[in-house]
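J.: Based on what follows, work out the 3D shape:
(one chain, ligands or ions: 2)
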Amino acid sequence: MQHLGQTRSAHFPNHRLQTPDTFVRAPLPGMRNATAIVHVSPAGGAAFTQYTVEFDEGGALPPAADQRFIYVIEGTITVDGQPLDQCDYAYLPPGYEAVVYARTTARAAVVEKPYRALAGTSAPTKLIGSESRAASTHLNGDPWLEVRSLVPDDPAFDFRVNTMAYQPGASLPAVEIHVMEHGLLMLEGGGIYRLGDCWYPVAAGDFIWMSRYCPQWFGALGKSAAKYLIYKDWDRHPR
Ligand code: UGY
Ligand code: MN
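T.: Ligands and ions are numbered 1, 2, ... in the order given. Sure, this is the predicted structure:
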């Protein structure tokens, strides 16, 4: 609780840092025994929507009109009756009729986005996965920076969601400026995030939106690894 009007949260045209003290919870239509913290949406300048769902035991999320990616942060949920535990995830194509239930109190990160078809590829189908089994690489060969690709490297998908785990002291090799936008949820640890011309201390629980071309850089601090979940649009012409 902040009593003196202070927060690390910040809001600029090219980025937003949302820290847990500024989260406002409200259920989205059709949710039962669950509530949402909407981090970013087209109403806030992004081409996608990202929110965190907080479920009570037995809570439910209704089907979405758009394609949906769900990553379990805590607890156990089910998709079509199939259990997903912490660090498991699901991709559901647009209009997929699954209801998502919570077996326990749970939290999940959700990304929704209108699907952009690509000539010559068929639209992706439902996918269930687990972060520990996802393809892993080291960014630029840096053994201290591990990237796991939760969405398959297949042009049928018009976005990617990765986890990036930085050992303490590891950093992005350079400031990035690119056409893709990002939704980022800090899952573990912390460090310093450069966004535009600002440098922010960030920690597990924080959310960051980066607009297209927002200068960005991260360095991990502390005595344990920093890890984040990061969305980006991908594999489509940026017309
Ligand atoms: O995939 C990315 O663009 C990633 N390296 N960006 C980031 O971590 N801010
Ligand atoms: Mn990036």
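
J.: Measure how buried residue 29 is and give me the count.
T.: Residue 29 is flanked by 5 other residues according to other C-beta atoms under 10 Å. Using the backbone N, CA and C atoms, a C-beta is placed for each residue, glycine as well.

J.: try residue 3
T.: 5.

J.: Is it correct that it falls within a helix?
T.: No - with DSSP: H, G, I helix; E, B strand; the rest coil as the criterion, residue 3 is assigned coil and is not in a helix.

J.: ok, is stretch 175-194 in contact with ligand 1 or not?
T.: Yes - using C-beta under 6 Å from any ligand atom, stretch 175-194 reaches ligand 1 at 176, 182.

J.: Any idea how far apart the tips of stretch 183-194 sit?
T.: Using C-alpha to C-alpha, to the nearest Å, the end-to-end distance of stretch 183-194 comes out at 15 Å.

J.: I'd like to know how far residue 36 sits from residue 81.
T.: Counting by C-beta to C-beta, to the nearest Å, the separation of residue 36 from residue 81 is 23 Å.

J.: quick one: which of the two has more around it?
T.: Between residue 36 and residue 81, counted using other C-beta under 10 Å, residue 36 has the larger neighbour count: 18 against 8.

J.: what's near enough to touch that one?
T.: When contacts are counted by C-beta atoms under 8 Å, 6 or more residues apart in numbering, residue 36 touches 25, 26, 27, 28, 51, 52, 53, 54.

J.: show me what contacts the first one?
T.: Okay, so that is residue 25. 35, 36, 37, 54.

J.: For ligand 1, state which of these is nearest.
T.: For the contacts of residue 25, the closest approach to ligand 1 (C-beta to the nearest ligand atom) belongs to residue 37, at 21.0 Å.

J.: Would you double-check that that closest one falls in a strand?
T.: Yes - under three-state DSSP, residue 37 falls within a strand.

J.: For this protein, what lies in contact range of ligand 1?
T.: 164, 172, 176, 182, 216, 218, 230, 232.

J.: Now do the same for the nearest residue to residue 134 once chain neighbours are set aside: helix, strand or coil?
T.: Residue nearest to residue 134 in three dimensions, not counting chain neighbours: residue 148, with 4.4 Å by C-beta to C-beta, 6 or more residues apart in numbering. Under three-state DSSP, residue 148 falls in the strand class.

J.: Tell me how far residue 148 lies from residue 142.
T.: 14 Å.

J.: Selecting buried members of the residues of the chain next to ligand 1 in ChimeraX, what would you type?
T.: Of these, the buried ones can be selected in ChimeraX as follows, counting by 16 or more other C-beta atoms under 10 Å:
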select :164,172,176,182,216,218,230,232
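
J.: Relative to residue 157, which of the residues of the chain next to ligand 1 is nearest.
T.: Closest approach between the residues of the chain next to ligand 1 and residue 157, by C-beta to C-beta: residue 232, at 11.2 Å.

J.: Bridging across strands, which residues link to the closest one?
T.: In this entry, residue 232 is beta-bridged to residue 160, residue 182, by DSSP bridges.
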